[in-house]
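J.: with the input below, show me the fold.
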Amino acid sequence: MELKGRRALITGSAKGLGKRTALLLAEAGCDVIVNYVSSRAEAEALAGELRGLGVRSAALQADVSDPKQVERLAEEAERLLGGIDILINNAGPFIRERRLFAEYTPDEIIGLVNGNLLGVMLLDRLLLPGMRQRGWGRIIHFGFGHAGESRAWPHRAVYAAAKTALVSFTKTLAVEEAARGITVNMICPGDIRGANKEKSIDDVQGEIDPESQRRPGTGEDVARAIRFLCDPRSDFITGNLLDVTGGFDPIRNTI
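T.: Numbers count the residues shown, from 1 in each chain. Below you'll find the model as predicted:
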């Protein structure tokens with residue numbers, strides 16, 4: 001229960017990696033705000049499950065690509081829990097269809113950049129004052145494997161551009177806020193798909209992923225890394241990118 005009394009907001013946490021992270025933080029004693037866009041039933045069910053673990057939890061609807069909704073999310077989350085100590089920026093739109101940049105519509109470009117970069121920056125800005133006042137905070141951004149190398153990623157131009165810009169922002173914010181007890185890091189998951197996003201490590205023991213030639217990655221792999229970075233004793237680790245990929249390179253294998 002090393003996070004007992006801490007309060008977290010996890011964007012995009014009704015399902016997938018965000019859900020698994022919410023469960024692991026709640027098991028560590030952390031109160032959790034679950035955020036969703038359209039998965040209301042799943043979000044409210046998860047909030048109920050978290051309350052069953054003995055922590056406070058509520059589900060809040062907001063689309064992080066909309067600045068007005070980001071502002072409302074921050075205000076309601078702080079009001080419900082009395083402040084937010086841990087911000088996990090898990091939400092971020094992604095178009096799985098492989099497509100050249102010239103084939104994207106303007107609305108798709110704006111949505112991808114807003115959801116993966118601008119919305120993250122705005123939410124960080126809104127919750128930083130409370131963290132500064134308390135002298136403690138943990139901010140986690142989400143990237144992708146090898147994001148810090150800023151390599152070409154054909155057919156993922158907009159998503160990759162937004163996330164690699166977020167790398168620079170992560171490192172800059174970490175430097176600016178280090179003296180105030182706030183750490184800022186980035187988790188870079190590998191290609192964890194479908195049901196595996198919510199599975200435990202035990203669930204996939206004995207399975208072999210045909211591309212990576214090792215066991216598949218799971219939501220627990222990502223959640224464990226996040227919990228480590230949120231630990232009060234992890235305060236010396238900031239401005240870092242942590243690849244949780246099993247050694248698999250998603251860029252090399254999609255060119």
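
J.: could you check how far R214 is from A162?
T.: Going from R214 to A162 by CB to CB, to the nearest Å gives 29 Å. In this view, the C-beta of every residue, glycine as well, is placed from N, C-alpha and C.

J.: who has more neighbours out of those two?
T.: A162 (21 against 12; other CB atoms under 10 Å).

J.: I'd guessed that one sits against G119; true?
T.: No. Shown here, A162 and G119 do not form a contact pair, counting by CB atoms under 8 Å, at 10.0 Å.

J.: which strands and helices sit next to the longest strand seen in the chain?
T.: With secondary structure taken from DSSP state E, the chain has its longest strand at strand 182-189. Applying 3 or more CB pairs under 8 Å, 6 or more residues apart in numbering; DSSP states H and E, one finds that strand 182-189 contacts helix 119-134, strand 137-142, helix 157-177, helix 219-230, strand 241-244.

J.: partners of it in the sheet?
T.: strand 137-142 (parallel), strand 241-244 (parallel) (DSSP bridges).

J.: any chance of these in CSV, with distance to G54 and mean neighbour count too?
T.: Formatted as CSV, the strands paired with strand 182-189 follow (distance: least, CB to CB, whole Å; neighbours: other CB atoms under 10 Å):
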stretch, distance to G54, mean neighbour count
strand 137-142, 21, 25
strand 241-244, 28, 19
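
J.: right, and those - which one's nearest T172?
T.: Among those, strand 137-142 comes nearest to T172, with 11.6 Å by CB to CB.

J.: got the CA coordinates for that closest one in PDB?
T.: Taking C-alpha atoms only, strand 137-142 is exported to PDB below (Å, rounded to 0.1, in the frame of the first residue of the first chain):
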ATOM      1  CA  GLY A 137       3.500  14.800  -8.000                       C
ATOM      2  CA  ARG A 138       3.900  12.100 -10.600                       C
ATOM      3  CA  ILE A 139       3.100  12.700 -14.300                       C
ATOM      4  CA  ILE A 140       3.300   9.800 -16.800                       C
ATOM      5  CA  HIS A 141       3.100  10.300 -20.600                       C
ATOM      6  CA  PHE A 142       2.500   7.500 -23.100                       C
END
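
J.: hang on, I95 packs against L112?
T.: Yes. Using CB under 8 Å, I95 makes contact with L112 at a distance of 7.2 Å.

J.: ranges for the strands of the stretch 1-150 of the chain?
T.: 7-10, 31-36, 57-61, 86-89, 137-142 (DSSP state E, counting those that start in this stretch).

J.: and the average pLDDT for the fourth one is what?
T.: Pointing back at strand 86-89 there. On average, the pLDDT along strand 86-89 is 98.

J.: same question for the third one.
T.: Averaged across strand 57-61, pLDDT comes to 98.

J.: so which elements touch that strand?
T.: Here strand 57-61 touches strand 31-36, helix 40-52, helix 67-81, going by 3+ CB pairs under 8 Å, 6+ apart.

J.: flag every buried residue along that strand.
T.: In terms of neighbour count (16 or more other CB atoms under 10 Å), strand 57-61 has its buried residues at S57, A58, A59, L60, Q61.

J.: with distance to G219 added, can I get those in a markdown table?
T.: A markdown table is the format used below for the buried residues of strand 57-61 (distance: CB to CB, whole Å):
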| residue | distance to G219 |
| --- | --- |
| S57 | 18 |
| A58 | 21 |
| A59 | 19 |
| L60 | 21 |
| Q61 | 22 |
